[in-house]
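Colleague: dropping a prediction and its sequence here:
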Amino acid sequence: MLYNGRPVDLTPEEEEIATMFAVMKDTDYATKPVFVKNFWEDWKKVLGPKHVIQKFELCDFTPIFDWHAAEKEKKKQMSAEEKKQLKEEKAKAEERYAWVLIDGVGNFRVEPPGLFRGRGEHPKMGKLKRRIFPEDIVLNIGKEAPVPECPLPGHKWKEVRHDNTVTWLAFWNDPINVKEFKYVFLHQSSSLKGKSDEEKYDKARKLTSKIDSIRESYTKDFKAKDVEARQIAVATYLIDRLALRAGNEKDDDEADTVGCCSLKVEHVSLSPPSSLEFDFLGKDSIRYQNSVVVNEEVYDAIHDFKKGKKEGVDLFDRLDTSKLNAHLKKYMQGLTAKVFRTYNASYTLETQLKETLGATLNEKTAEYSRANKEVAILCNHQRTVSKGHSAQMERLEAKISELKTLREELATDLGKVKKGKPPVHSTAKRPPTAEQLEKKLAQTDARIAKMTLDLSVKEDLKTVALGTSKINYMDPRITVAWCKRHEIPIEKVFNKSLLAKFAWAMNVEPNFRFCEADGGADEDL
DNA sequence: ACCCTGACTTAGCATCGACCAG
DNA sequence: CTGGTCGATGCTAAGTCAGGGT
């Protein structure tokens, strides 16, 4: 790289960190002052006080960036054959780390060093995430199991434990947040994971038989004299109705995001006569923006909770997630805020799928996507609009108008031919028959219809992420049962990983109903 | 009652490879 | 055959929540 216009030599360690920064030139992290500041602070520590490099502004990382771009290009130019071989070699070398006795391992690789990429306005973005060594890693294995050999000669594991009350196989402390852990867990397809997934959905399903009385109860409390009880009631209402997250407290060294209990007064505004306007950053700094007509008592309560508070003050000042969850436990064993999200997501899917009107396979799966979309919108699962989206839309529109012109031409020709006159638009040596034209016309109409539909679906879904709800919120038994009833191959809606993840749900009866909870009808209160 | 630790689920984005239209 | 698109998968950050200690 260049410093003050002149080449500088860096030690491998110094250069490695410079490279981490250099390759991010074209991301918007590179323009964020916090990112640059944190990177520079950490890199400077490695460079030491006497290094030639003293000022960030004089650093020119372009040579490293160019080198990296060239390496990337080289890799791209490799033949498919070479790539495949390389991949196979890697897989073979890793094979022995990818399995434990019973199942596959999810993340068996340690996280490589890099610059921390926090989401949103994260105060720690750009900090150096140091390399992890065996000395950082705690293993969890069976008492009699042989200790896995340490792959780095001369190094040794931090610790070997035998704890059969937890599911993790190994962990290390996160170098960015030293008090937090990074775990190695079993793969999503593991039967152990499946079991706990099934329990999660069973618990959510159990809510079906309680939900009416819970709603009745919190509705009653909208007017409670006791402020805490009233706040619990309104918060529960929001979590139930809007599928908000619980909203734990956050530290100052994290991005400033909120959930239900941590909403600040400025995040909810009153819009007469009875609407609430939500606008805040939730998990992953994803914006939640919604306008909801609410019950008059809720409206009044929010008004009261906001009264006399300045910006930045908690809307629910008497409440936190543990108080809320403690209250929810009174309704149902194991009930917590997140169960409502699972319940309402699954309920929505089932309700949306109730009347499947489509005749063809394609129409039916389109209806499934539509139902999926409703759930994703409920849960506010978003994605960034893809880079080429608008260009793609324009291309599709152009294509459609092209087809429409063709359609008009076909229609004119058909009219001519029917009257025994020669077609105007056909260039074929032998003029097409009326039947041929009719067939072509029908085909064109179908293509126009399909493309128009594709276009609207694409525009509709440009900011909606369907996958998250499919993986985490919608009881797979609803989907499997629906597929069975409508004779849809399950592979049309679940990909390979979902099929493996939801293996436990595959033999459900076609008449399975999420909302007819059959178990646990008579729990305590 | 509150705080902190620990373990687990949930989340969006990057990357890769299969597939498709031109 | 090739470049572009899109879904599958990997990666790791960011949540939730229980439980133990003070």
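Modeller: That came through, no problem.
Colleague: shouldn't A:Lys418 be in contact with A:Glu435?
Modeller: No. At 10.8 Å, A:Lys418 does not count as touching A:Glu435 under the criterion of C-beta atoms under 8 Å. Heads up, the C-betas are built off the backbone N, CA and C, glycines and all.
Colleague: buried stuff in stretch A:318-327?
Modeller: A:Leu319, A:Asp320, A:Thr321, A:Lys323, A:Leu324, A:Asn325, A:His327 (16 or more other C-beta atoms under 10 Å).
Colleague: is DNA strand B within reach of it?
Modeller: Yes. Counting by C-beta under 7 Å from any atom of the strand, DNA strand B is contacted by stretch A:318-327 at A:Ser322.
Colleague: contacts for that stretch?
Modeller: Here stretch A:318-327 makes contact (C-beta atoms under 8 Å, 6 or more residues apart in numbering) with A:227-228, A:231-232, A:235-236, A:246-249, A:260-261, A:335-337.
Colleague: and what of stretch A:71-85?
Modeller: So stretch A:71-85 is contacted by A:Leu86 (C-beta under 8 Å, 6+ apart).
Colleague: what do you get if the cut-off is 10 Å, keeping everything else the same?
Modeller: With contacts defined as C-beta atoms under 10 Å, 6 or more residues apart in numbering, stretch A:71-85 is touched by A:Val23, A:Leu86.
Colleague: can I get it in CSV, CA atoms only?
Modeller: Taking C-alpha atoms only, stretch A:71-85 is exported to CSV below (Å, rounded to 0.1, in the frame of the first residue of the first chain):
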residue,chain,number,x,y,z
GLU,A,71,-7.3,-12.5,-7.2
LYS,A,72,-11.0,-12.6,-7.3
GLU,A,73,-11.0,-12.4,-11.1
LYS,A,74,-8.4,-15.2,-11.2
LYS,A,75,-10.7,-17.4,-9.1
LYS,A,76,-13.6,-16.5,-11.4
GLN,A,77,-11.6,-17.5,-14.5
MET,A,78,-10.9,-21.0,-13.1
SER,A,79,-12.7,-23.7,-15.1
ALA,A,80,-15.7,-25.3,-13.6
GLU,A,81,-13.7,-28.5,-13.4
GLU,A,82,-10.9,-26.9,-11.3
LYS,A,83,-13.5,-25.2,-9.0
LYS,A,84,-15.2,-28.5,-8.4
GLN,A,85,-12.0,-30.2,-7.5
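Colleague: near DNA strand C too, which of the contacts of stretch A:318-327?
Modeller: Okay, of the contacts of stretch A:318-327 touching DNA strand C (C-beta under 7 Å from any atom of the strand), that's A:Ala246, A:Gly247, A:Asn248, A:Thr336, A:Ala337.
Colleague: neighbour-wise, which one of the residues you listed leads?
Modeller: Counting neighbours by other C-beta atoms under 10 Å, A:Gly247 leads those with 26 neighbours.
Colleague: pretty sure it is in contact with A:Tyr288, am I right?
Modeller: No. Counting by C-beta atoms under 10 Å, A:Gly247 does not reach A:Tyr288; the two are 11.3 Å apart.
Colleague: return the set of buried residues in stretch A:362-380.
Modeller: Counting neighbours by 16+ other C-beta under 10 Å, stretch A:362-380 gives A:364-365, A:367-368, A:371-380 as buried.
Colleague: does DNA strand C sit close to it?
Modeller: No. Using C-beta under 7 Å from any atom of the strand, stretch A:362-380 never reaches DNA strand C; the gap is at least 9.4 Å.
Colleague: that stretch near DNA strand B at all?
Modeller: Yes. Among the residues of stretch A:362-380, A:Cys379, A:Asn380 lie within reach of DNA strand B under C-beta under 7 Å from any atom of the strand.
Colleague: pLDDT on that stretch, on average?
Modeller: The pLDDT scores in stretch A:362-380 average 93.
Colleague: which of the contacts of stretch A:318-327 sits closest to A:Leu499?
Modeller: The closest of those to A:Leu499 turns out to be A:Thr336 (C-beta to C-beta; 28.9 Å).
Colleague: how is chain A carved up into domains?
Modeller: A:2-77, A:88-185, A:211-331, A:346-505 (automatic domain parsing).
Colleague: mind telling me which of the ones you listed the model trusts least?
Modeller: Minimum mean pLDDT among the domains of chain A: domain A:346-505, a mean of 86.
Colleague: how many residues are close by the residue nearest to A:His187 when sequence neighbours are not counted?
Modeller: Sequence neighbours aside, A:Gly104 is the residue nearest to A:His187 in space, at 3.7 Å (criterion: C-beta to C-beta, 6 or more residues apart in numbering). Neighbourhood size, A:Gly104 [other C-beta under 10 Å]: 14.
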